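Q: quick one: sequence plus predicted model below, questions after.
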Amino acid sequence: MIILQTIGNVDLPGQGPRKLPAPKQYIAIVTVWAILDLVADMANASVIRAASAFAWLLVLGSLVLGTSGQRITSFLGDIAKLFPAQPPPQPQETLT
């Protein structure tokens, strides 16, 4: 999550000086993961599985919906425009 947060908030080249995000932007991530860690330390297997599932949901959700997800999506869109996939030509059927 920290890597995704950093990727999403690093300033782009050519748009001012490049700098990392402020440390206060990581407080929410550290807090959520600390709570998930405390919940996962419980002895009940179903609670551990629920914490693990929520952690995966949190990472995948931020990857898709967060600022890093927008940058990754635009990057993949640029690649698709550079190298468009053309379907193979289909053989023409003749009607008799």
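A: Now that the structure is in, tell me what you want to look at.
Q: show residues contacting the helix or strand of the chain with the lowest mean pLDDT.
A: Of all the helices and strands that make up the chain, the one with the lowest confidence by mean pLDDT, DSSP states H and E is helix 2-9; it has a mean of 75. By Cβ atoms under 8 Å, 6 or more residues apart in numbering, the surrounding residues in contact with helix 2-9 are 20-21, 25-26, 29, 59, 62-63, 66-71. (Each C-beta comes from the backbone N, C-alpha and C, glycine too.)
Q: max pairwise distance over those: which two?
A: Within the contacts of helix 2-9, 20 and 59 form the most distant pair, 20.2 Å apart (Cβ to Cβ).
Q: counting neighbours, go ahead and name the busier of the two.
A: Each of residue 20 and residue 59 has its neighbours counted (other Cβ atoms under 10 Å); residue 59 has more, 13 against 10.
Q: tell me which helix or strand comes right after the longest helix seen in the chain.
A: Ranked by number of residues, the top helix in the chain under DSSP state H is helix 45-65. Using DSSP states H and E, the helix or strand that follows helix 45-65 towards the C-terminus is helix 67-82.
Q: quick check: mean pLDDT of that next one?
A: The predicted model assigns helix 67-82 a mean pLDDT of 78.
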